[in-house]
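**Student:** structure for the following, please:
(chains A, B, C and D)
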4 protein chains.
Amino acid sequence: MIAPDQILSHNQAQAPEHHTRLQYTEGVLERKGFNPAQIIAQIRAFQIAIPSWALGSGGTRFGRFSIGGEPSNLEEKIEDVGLIHQLNRSANSISLHIPWDIPKDVPALKQLLHHHGLTIDSVNSNTFQDQKDQVHSYKFGSLCHTEAAVRQQAITHNIQCVEYGKQLDSKTLTVWLADGSNFPGQHHFRQAYQRTAESLTAIYQAMPEDWTMLIEYKPYEPNFYSMIIPDWGTSYSFCQSIGKNAQVLVDLGHHLPNTNIEQIVSRLMHFGRLGGFHFNGSMYGDDDLTTGSIKPYQLFLIFHELVDGMSDPEVKNPNIAWMIDASHNTKDPIEDLLQSVNGILSAYTRALLVDRVALSQAQEDNDVVKAEEILRDAFLTDVRPLVAEAMRLAGGAIDPIALFRSAQVRAGLIEKRGKFSTATGL
Amino acid sequence: MIAPDQILSHNQAQAPEHHTRLQYTEGVLERKGFNPAQIIAQIRAFQIAIPSWALGSGGTRFGRFSIGGEPSNLEEKIEDVGLIHQLNRSANSISLHIPWDIPKDVPALKQLLHHHGLTIDSVNSNTFQDQKDQVHSYKFGSLCHTEAAVRQQAITHNIQCVEYGKQLDSKTLTVWLADGSNFPGQHHFRQAYQRTAESLTAIYQAMPEDWTMLIEYKPYEPNFYSMIIPDWGTSYSFCQSIGKNAQVLVDLGHHLPNTNIEQIVSRLMHFGRLGGFHFNGSMYGDDDLTTGSIKPYQLFLIFHELVDGMSDPEVKNPNIAWMIDASHNTKDPIEDLLQSVNGILSAYTRALLVDRVALSQAQEDNDVVKAEEILRDAFLTDVRPLVAEAMRLAGGAIDPIALFRSAQVRAGLIEKRGKFSTATGL
Amino acid sequence: MIAPDQILSHNQAQAPEHHTRLQYTEGVLERKGFNPAQIIAQIRAFQIAIPSWALGSGGTRFGRFSIGGEPSNLEEKIEDVGLIHQLNRSANSISLHIPWDIPKDVPALKQLLHHHGLTIDSVNSNTFQDQKDQVHSYKFGSLCHTEAAVRQQAITHNIQCVEYGKQLDSKTLTVWLADGSNFPGQHHFRQAYQRTAESLTAIYQAMPEDWTMLIEYKPYEPNFYSMIIPDWGTSYSFCQSIGKNAQVLVDLGHHLPNTNIEQIVSRLMHFGRLGGFHFNGSMYGDDDLTTGSIKPYQLFLIFHELVDGMSDPEVKNPNIAWMIDASHNTKDPIEDLLQSVNGILSAYTRALLVDRVALSQAQEDNDVVKAEEILRDAFLTDVRPLVAEAMRLAGGAIDPIALFRSAQVRAGLIEKRGKFSTATGL
Amino acid sequence: MIAPDQILSHNQAQAPEHHTRLQYTEGVLERKGFNPAQIIAQIRAFQIAIPSWALGSGGTRFGRFSIGGEPSNLEEKIEDVGLIHQLNRSANSISLHIPWDIPKDVPALKQLLHHHGLTIDSVNSNTFQDQKDQVHSYKFGSLCHTEAAVRQQAITHNIQCVEYGKQLDSKTLTVWLADGSNFPGQHHFRQAYQRTAESLTAIYQAMPEDWTMLIEYKPYEPNFYSMIIPDWGTSYSFCQSIGKNAQVLVDLGHHLPNTNIEQIVSRLMHFGRLGGFHFNGSMYGDDDLTTGSIKPYQLFLIFHELVDGMSDPEVKNPNIAWMIDASHNTKDPIEDLLQSVNGILSAYTRALLVDRVALSQAQEDNDVVKAEEILRDAFLTDVRPLVAEAMRLAGGAIDPIALFRSAQVRAGLIEKRGKFSTATGL
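**Tutor:** This is a model prediction of the structure:
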């Protein structure tokens, strides 16, 4: 952990330049009719969950290069998220991955969470790998499997995840299914769909009434011919048949080339069925890069839709669960997460700066240039001072990565946990 | 028109080789437990509509190279489809495109259709171009337009299309919307969706009860940032809200790269909402190439799903409207259509040869290799003799293109209609 | 034309906010060690050519919606580019498209160009359409055609283009070949390649020694199975065999999905073979949208490579010809071009703000986060005041679009040229 | 191993149906002017290498499901390839992956190879993972690394691979570089290219004169922003600068969406630089599926180019090294390889059946329909009896997979090697 006075002295060193920039930015906003303080408050309120599996070095099927000092149990993962949250005050929860994060000493965990100002976000089931001592294999699927016994095992696992989540006050189960087929003929598409629908329903009905089930989609990988839930349309159709607390989860890396993701976001909000979001960056597919690292304008356009939907009283969409879901193959995972949170908050902030009244008028007038320029004006605004100020006001650092580096946190973690400590989970 | 005895003498010349091949193929099928006569009967019964706009040379935005002898009015288009149907006996209907195919002398048209053994398939509205004397422009959309007057004009046009269709005993309205946006900010996605839903509903409610509305989707072109109906999920959501006779239309060229189209087909049939099909070939996008010319295995896999759904009594899907929708930039349009019909019938025939009982067992057993080999066995069967025999039995030619060429039909059309006759419509 | 005092009064009205922003931005740059005046001078020096075919409303194969007041001859096109240049002082040349822009009265044209401060950039041949009275058709190709007579016609046309260019002091011939095939089997790939190589060589050898031939590539459209020059590798191989003044031209919209274009740019500069650039925006393919409208970060990364290569003395690359190549289906063409120039200059300016010394060190250290943050810092800087100041200093407007609108230029053009005036060319 | 009489009795059982089909197919070919015996001889002569890493269950980054009985050392891998070759007589070599396949007892290995009728194909270096006791890490690249020491380590490893290969009479080194970057700014593209060129040259110069270096390209994965050799153009440029025995290797799964691979094949043969081929099937990216399982027509079109180039005396291309490179996540690896060899031979056979004289004429005439139909006629021919006959004549099985299954080979391997035996290598 970073000592509070480290943050303080970091912020003092950054203060002169920060305040010059902040003051200017606030002036620009005020002249446009925005209330900077309110926008900073909105940034402060925006909190993003960190998944337990994102705290170690990721890898590809071609190999993995460890960084050292990775957390090897749930307690250490909570510590790492606590550190992130201490630095940026924008990551106040952690998502669990079962079986790796099965809580053992629940009261101690709750205390640890409370100590770091964290809560448990969603619980994520895992039926895409076989665990030791598992009776049935998921090689040919889980909730869609042809054999009832395999499906039942996967259903039971999901219900068990809900039980673990209840212990730690989570209210959300996230279901990502790797189920699919690698070859034509392998699946009977309709029957596989129907079996999946029934399995999901069985899990849903075992959940408490105040829980939400998030259903993720992905077009390919780890199956390369078909995935049981390849697109938002399939997720949505499941949600419709399962119940009102079943919601679609959008992962930014889970789309075919050139997909207009922001339009999907708007559709789902229009239907009141956008329940969760997985952030990451993508150039080719599920690349799991830093959020905002490849297509920052697209990320802004997505947030433009999100903010628009969240601020429109006619939209009956539930609160959305925000989570980073990336794999850190190259960077220090904590630095990567700090960058990602920053990228997300920057996109969110810019979306708050869209002049929606003027935009709406330009849209009504079909003044395409003007509508676009309104968006671009928000996007081109350098919002870094606003994000930094939100963090500073909440007790965080003006430049979290700089402080993480100058405080030599990674070296400390390696010293404490060892050079070859490898994070569990995926 | 080709004289009947030309077909006869063509078939006589082809007979020896044809019968050798047919006999062998029938033997192979019989040894596998199939009834060749029944399969040939099924091929014969499969009829594909030809759109009125596919009878002239197409083009791209970079230019158009005319072939000459193109039909310049509805009567000549009917003649061309009649010729195709005479040759292959598998294209017994024509789809109209309004405003180009507005019927004038209805009794004469009916007589002409009857003479050629043709019926009218669907009626296709057009709101993606402005016509002379049109009050409002569709530059910024039609059914989704921000202005009520533009939407009303487009609604009225669609209802008018239904009226024209009723005169010629059509029962289907196909709606393809070019509506969309070229730039971020241009559209308010949710409002544009909602306006479109209301416009479609207004059209639907004006249709007779026994009519079907087919709603097509397309991810891009002619708009390059967003399309109002980019994917099957959006089409399907409209159908759900509009009514039971609203159905999704799948066009093979209207998907993002690498889309698993056969799975979409299976989904829609599972939901009972696959109403229509536009056939063409595609390498990059809406390339509008000859059906089966680029990915014949995918076409087979799609037909595998279609046949599976059509033969499963649990599937409550309506009859599907089959149509070719391609643009013939390089080939003689009639030859291209003959090839396309052949490609479609070949894929359909192979799908009829899938041993569904064995496949189902292999799928239950997760015997991936066996399931795949069952499909491949059907695909690898040379079904050309079966398709040719179906045409021959119905009075068509064993090799329609060869006869079209030897009879010098194009030269005749050029002589009759002129070298620079250009087809109307798009 | 806009009266100079209109620009002056526009600038005066914009001055207070502009100077506040400029002063702040200059301060930020100075504190980072940059010389703002020098950067503004570099922006001023950057000039982009406007193609003659971009001044009218474009269209797609599905239709075209005219805007009115479009230029209908070369003189009017020059006037429009003159207007753009007057507004932004960054578009000092025009590219010709033959046969539409064949110069008639050369002295008068030169005078007109001089009057507007313009020069002729490149000359663009056209062998993808048939012109009236053309002996041979390009339906099946031009420089790659199987028949020597067709190839010769296309070679002659290209040489003729050079002649026209010489009259107006151009030094560059741009060759974009639509040649390709729509179906497997249509082309013998190797022979088609070889014929094209010979045709290009024949043209090259007829060019004056101080001329450059730019060879463009494109993966698909208007041919949808193969293009004779689908990728940079093919362009480059032609350049190698043709001669040192043959150079590759990169068009941003001419790549397969997910291509890393900036890496191609760096490769070509490394080989000393990047001769030209066509700017536009793209979401799916050759969408021809406003430059920077879809992927502004990618545009910046491309300019990062360009600036890096141009400033590295070890790179032996010639000067690059910059041109906008877009199609304005939705926006006023002049507004679209003003936006595009602005987008290009913004990306260029940000690339000038990359701290290359620090970046190089971070790269040597494999400090990925730091290297990325250096780029992002440049990208996130709001450079609009710098671009506006460069224009202002050169005599242009601080906000060219705003002035174009307030001066009601389009209305004036419509009044002068008519509502239905349509631009010639493509 | 399968006892020879098992093959015999298998073939006897298959004989009646096989001979009926073969006789018919030969008749069809003869009537077209082909010599069936000669074609069967060509099929027999076509041999495909099996990589040592393809004999165990593959996996994705999300997990791996073992099948049991996998070979755990080089000797067992040779046994498995020997088994495949015994069944199909078309896989007479094995490719090594260093460090997993470092030969220990060379004479014994040679004897084992000889016993199975096998040779060593290429040697494949591995610098995309860190091995235990490795001094420098490849986390940030190998041949392109910023540090000379890392590059030297990778160069030395490659030269060591050549040494191992020489011991077993290989003549080919295959270099696939995972080198690349995950984020903008990470790489200085030009310098990374230059360093790679120098490293490759150093390896090349250390190779014996009769060795070939194959340089593979891949657009993405395991790096997701840039790869040092993303496309054929980059591979080719390296080959040009390195030397005449440097050749491009095409892996079917290493292309961006919608790439026309057959055209690349033709280009490289035209340049005399196509040295190697990695076969697999792909729907989305480097999916490593069974060869021919997704796009069999494309595979045929590729072989059409290969056969065309190999039979054209003007083409100065070296012999091509054929290898399967796939990952068997779902199927029994040996069954998958048997399917793949079959798929490759089928495509090759069909390519042999193209009437090249007629095709050439149709191409000269721009008779697109005819050219296409000539290709389709070859593709639609059911060549399975020819492939089976080639195997049978060479001593293999008519239906290798059926025999593999009925002989319960996998069960035997599991019994011998254990249920949890996992293949080494990647």
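**Student:** what does chain A have sitting close to chain C?
**Tutor:** Proximity of chain A to chain C, by C-beta under 8 Å from any C-beta of the partner chain, involves residues A:17, A:20-21, A:24, A:27-28, A:31, A:257-258, A:260, A:283-284, A:290, A:293-298, A:330-332, A:335-336, A:339, A:346, A:368-369, A:372-373, A:379-382, A:384, A:401. (Each C-beta comes from the backbone N, C-alpha and C, glycine too.)
**Student:** and the buried ones among these, selectable in PyMOL?
**Tutor:** Buried members of the residues of chain A next to chain C, defined by 16 or more other C-beta atoms under 10 Å in any protein chain shown, are picked up in PyMOL with:
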select buried, chain A and resi 21+24+28+257+258+260+283+284+290+293+294+295+296+297+298+330+331+332+335+336+339+346+368+369+372+373+379+380+381+382+384+401
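**Student:** show only the entries of the residues of chain A next to chain C found in helices.
**Tutor:** A:17, A:20-21, A:24, A:27-28, A:31, A:296-298, A:335-336, A:339, A:346, A:368-369, A:372-373, A:379-380, A:384, A:401 (DSSP state H).
**Student:** against chain B, which of these make the cut? List them.
**Tutor:** A:297, A:368, A:372.
**Student:** now pLDDT and distance to D:Tyr236 too, for those residues, in TSV please.
**Tutor:** Output for those, formatted as TSV (pLDDT from 0 to 100; distance: C-beta to C-beta, whole Å):
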residue	pLDDT	distance to D:Tyr236
A:Tyr297	98	34
A:Val368	98	43
A:Glu372	98	41
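**Student:** switch the residues you listed over to TSV; also include distance to D:Glu75.
**Tutor:** What follows is those, written out as TSV (distance: C-beta to C-beta, whole Å):
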residue	distance to D:Glu75
A:Tyr297	56
A:Val368	69
A:Glu372	66
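**Student:** can you show me the strands along the stretch 301-426 of chain A?
**Tutor:** Under the criterion DSSP state E, counting those that start in this stretch, the stretch 301-426 of chain A contains strands at A:321-324.
**Student:** how about low-confidence regions in it?
**Tutor:** Filtered on pLDDT under 70, the stretch 301-426 of chain A yields the residue ranges A:424-426.
**Student:** then chain A?
**Tutor:** A:424-426.
**Student:** just give the number of residues close to the residue of it found nearest chain B.
**Tutor:** Minimum separation of chain A from chain B (C-beta to the nearest C-beta) falls at A:Gly233, amounting to 2.5 Å. Neighbourhood size, A:Gly233 [other C-beta atoms under 10 Å in any protein chain shown]: 23.
**Student:** for the residue in the stretch 201-350 of chain A positioned nearest to chain C, what are its contacts?
**Tutor:** Residue nearest to chain C within the stretch 201-350 of chain A: A:Pro257 (3.8 Å; C-beta to the nearest C-beta). Counting by C-beta atoms under 8 Å, 6 or more residues apart in numbering or on different chains, A:Pro257 touches A:284, B:256-258, C:257-258, D:257.
**Student:** pick out the most distant pair among these.
**Tutor:** A:Tyr284 and B:Leu256 (13.7 Å; C-beta to C-beta).
**Student:** was I right about A:Asp308 contacting A:Ser360?
**Tutor:** No. Taking C-beta atoms under 8 Å as the definition, A:Asp308 is not a contact partner of A:Ser360, at 9.7 Å.
**Student:** give me the common contacts of these two.
**Tutor:** B:His188.
**Student:** give me the number of residues near the closest residue to A:Gly63 other than its chain neighbours?
**Tutor:** Nearest non-adjacent residue to A:Gly63, counting by C-beta to C-beta, 6 or more residues apart in numbering or on different chains: D:Gln129, 3.8 Å away. Neighbour count of D:Gln129, defined by other C-beta under 10 Å: 18.
**Student:** and if you look at A:Pro318?
**Tutor:** 15.
**Student:** likewise for the one 4 residues further on?
**Tutor:** Applying other C-beta under 10 Å, we find 21 residues neighbouring A:Trp322.
**Student:** next: A:Thr422.
**Tutor:** Neighbour tally, A:Thr422, other C-beta under 10 Å: 15.
**Student:** is the most centrally placed residue in chain A bridged to anything, and to what?
**Tutor:** The residue lying closest to the centre of chain A (C-alpha atoms, centre = their mean) is A:Met323, at 1.8 Å. Residues in a beta bridge with A:Met323, per DSSP bridges, are A:Ala49, A:His278.
**Student:** ok, now which ones touch it?
**Tutor:** Contacts of A:Met323 by C-beta under 8 Å, 6+ apart are A:48-51, A:95, A:121-122, A:276-279.
**Student:** try A:Asp332
**Tutor:** So A:Asp332 contacts A:67, A:410, C:369 (C-beta under 8 Å, 6+ apart).
**Student:** ok, and the closest non-adjacent residue to A:Gln339?
**Tutor:** Nearest to A:Gln339 is A:Thr290, by C-beta to C-beta, 6+ apart, at 4.9 Å.
**Student:** let me redo that: A:Val150
**Tutor:** A:His136 (4.4 Å).
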